[in-house]
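S.K.: here is my input, please return the structure:
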Amino acid sequence: MLFDDFSLGRYSSDASIYQITPLGITVPASTNDALRALDIAADAGVAILPRGAGTSQCGQAVGKALIIDDSKYLQKISELDTDNATVWVEPGVVLDQLNAFLKPHGLWFPVDISTSAQATIGGMTANNSCGARSIRYGNMVHNVLAVDAWLTSGDCVQFGEVGESIDGPAPYRQLANTIRGVYASEQEEIAARVPKLQRRVAGYNLDMASLGPFNMAHLLVGSEGTLAYFRRIKLRLSPLPLQKVLGVVHFPTFYQAMDLTQHIVKLDPSAVELVDGTMIGLSRENPAFRDTVDKAVRGEPDAILLVEFAGDDKTTQLKRLDRLCELMGDLDLPGSVVRIEDAKLQKDIWDVRKAGLNIMMSMKGDGKPVSFIEDCAVPL
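M.R.: Model (predicted):
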């Protein structure tokens with residue numbers, strides 16, 4: 001347990017603009033250590049706050065609570081099933097660490113967020129992270145199959161698929177029946193008021209409950225650690241795409257980039273990401289990114305879209321890129337696509353996009369943005 005002023009100060013902030021001094025910090029060396037911390041906090045009536053890398057920008061990793069820092073030791077990867085493309089991980093496993101482990105097996109975990117070098121799977125699950133390729137692979141809630149979790153009662157239960165009959169210990173059966181009952185009484189209100197958006201990352205995902213089979217783990221995804229402590233998380237993996245091509249689509253106005261996306265997504269891209277003129281300009285001012293930007297961006301567009309096509313066959317992806325060029329011509333923007341077929345240059349371009357927040361923070365003067373919201377989404 002850490003209660004010294006330095007540690008309290010260090011854990012009082014994260015990547016957000018918020019700052020709250022915690023009650024204390026524990027850095028468990030094992031899941032059993034984490035359980036002991038949970039027991040102590042429950043006995044004392046003290047709030048707990050599981051924490052990963054603290055990369056979120058909405059303040060979820062700070063609070064007046066006992067912080068349980070999973071990021072240092074709880075990094076075990078187990079039960080990889082290559083036939084069914086699943087794996088169990090502890091909450092402190094970092095996304096890039098997991099994908100490096102999976103790469104020799106031809107698999108990856110495709111919730112590809114910009115902070116992949118730091119973000120932990122536990123934090124991503126709590127946050128219902130999305131990532132650049134959510135248009136193809138979905139959010140965390142679409143890729144988490146089960147969660148072994150501790151309740152404040154000390155019960156360890158596996159949140160997963162629930163059928164017509166509910167198996168498991170009594171506390172779990174009671175929870176599942178309660179959720180099903182809430183859904184039964186409120187399903188019309190849920191249908192009317194929950195936005196029909198893929199990248200919706202707020203709340204407890206009650207819309208994914210059902211009177212029939214549903215997955216209880218989906219309620220934990222996005223719950224920001226308020227419902228249970230994640231001991232292990234079972235993930236759905238995807239085959240690594242063998243071939244990728246990238247189209248950098250140039251727009252004279254930001255509005256056009258936003259408006260015409262609705263047509264581009266019909267081509268079934270694996271990713272569509274926006275980069276605005278401000279970020280392009282700041283990237284060009286940075287010696288580390290200037291050469292990459294100059295290879296991908298012509299002139300001074302008000303915005304660009306990075307449109308990626310991925311799959312096993314290169315010819316198929318090139319045909320999709322051809323269709324993108326034809327589409328932009330039909331939309332009165334002929335010649336607006338820069339074709340990127342070289343794999344290294346594609347990676348370099350995505351690295352610039354991933355560094356977007358840091359690039360924006362390099363802005364000088366009163367126009368510098370304040371980062372406090374993550375995914376702000378509207379229907380296409």
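S.K.: surely Pro91 touches Ala119?
M.R.: No - contact status for Pro91 versus Ala119: not in contact, 11.3 Å apart, counting by C-beta atoms under 8 Å. Yep, even glycine has a C-beta here, placed from its N, CA and C like the rest.
S.K.: find the residues that touch each one of the two.
M.R.: Residues touching both Pro91 and Ala119 (C-beta atoms under 8 Å, 6 or more residues apart in numbering): Gly52.
S.K.: which of these two has more residues huddled nearby?
M.R.: Taking other C-beta atoms under 10 Å, Pro91 and Ala119 do not tie; Pro91 has more neighbours (30 against 24).
S.K.: what about the residue nearest to the more buried one when sequence neighbours are not counted, distance to Pro50?
M.R.: Among residues not flanking Pro91 along the chain, Gly122 sits closest, at 2.5 Å (C-beta to C-beta, 6 or more residues apart in numbering). Noted for Gly122: a distance of 7 Å to Pro50, by C-beta to C-beta, to the nearest Å.
S.K.: which neighbours do these two share?
M.R.: 70, 91, 230.
S.K.: next step: the residues you listed restricted to strands.
M.R.: Phe230 (DSSP state E).
S.K.: remind me which residues of this protein are low pLDDT?
M.R.: 374-380 (pLDDT under 70).
S.K.: could you look up the SS state of the most centrally placed residue in it?
M.R.: Residue closest to the average C-alpha location in the chain (C-alpha atoms, centre = their mean): Ser129, at 2.2 Å. Look at Ser129: counting by DSSP: H, G, I helix; E, B strand; the rest coil, its state is coil.
S.K.: name the element Gly351 belongs to?
M.R.: Just so we're on the same page, residue 351 is Asp rather than Gly. helix 343-354 (DSSP states H and E).
S.K.: contact partners of that helix?
M.R.: The contact list for helix 343-354 (C-beta under 8 Å, 6+ apart) reads 114-116, 132, 244-246, 248, 273, 275, 283, 289, 292-293, 295-296, 306, 308, 340, 359.
S.K.: run the last query once more with 7 Å
M.R.: Outside helix 343-354, the residues that touch it by C-beta atoms under 7 Å, 6 or more residues apart in numbering are 114, 244, 246, 273, 275, 283, 289, 292-293, 295-296, 306, 340.
S.K.: do stretch 258-269 as well
M.R.: Taking C-beta under 7 Å, 6+ apart as the rule, stretch 258-269 contacts 135, 272, 305, 307-309, 320, 323-324, 327, 331, 380.
S.K.: let me have those in TSV, adding neighbour count as columns.
M.R.: Formatted as TSV, the contacts of stretch 258-269 follow (neighbours: other C-beta atoms under 10 Å):
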residue	neighbour count
Ile135	21
Val272	21
Leu305	26
Val307	25
Glu308	25
Phe309	24
Arg320	20
Arg323	15
Leu324	22
Leu327	19
Leu331	15
Leu380	15
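S.K.: helices of this protein, start to end?
M.R.: 5-10, 31-44, 95-102, 121-127, 134-137, 170-193, 217-220, 254-264, 277-285, 287-296, 314-330, 343-354, 356-361 (DSSP state H).
S.K.: could those helices go into a markdown table alongside distance to Thr152?
M.R.: Below are the helices of the chain laid out as a markdown table (distance: least, C-beta to C-beta, whole Å):
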| stretch | distance to Thr152 |
| --- | --- |
| helix 5-10 | 23 |
| helix 31-44 | 5 |
| helix 95-102 | 28 |
| helix 121-127 | 16 |
| helix 134-137 | 32 |
| helix 170-193 | 10 |
| helix 217-220 | 14 |
| helix 254-264 | 44 |
| helix 277-285 | 43 |
| helix 287-296 | 47 |
| helix 314-330 | 49 |
| helix 343-354 | 37 |
| helix 356-361 | 35 |
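S.K.: re earlier: centre of the chain versus the helix holding Asp351, how much separation?
M.R.: 19 Å (C-alpha atoms, centre = their mean, to the nearest Å).
S.K.: buried set for it?
M.R.: Within helix 343-354, the residues that count as buried by 16 or more other C-beta atoms under 10 Å are 346, 348-350, 352-354.
S.K.: next: stretch 244-261.
M.R.: 244-251, 256-258, 260-261.
S.K.: repeat for stretch 111-127
M.R.: Quick answer for stretch 111-127 (16+ other C-beta under 10 Å): 111-116, 118-127.
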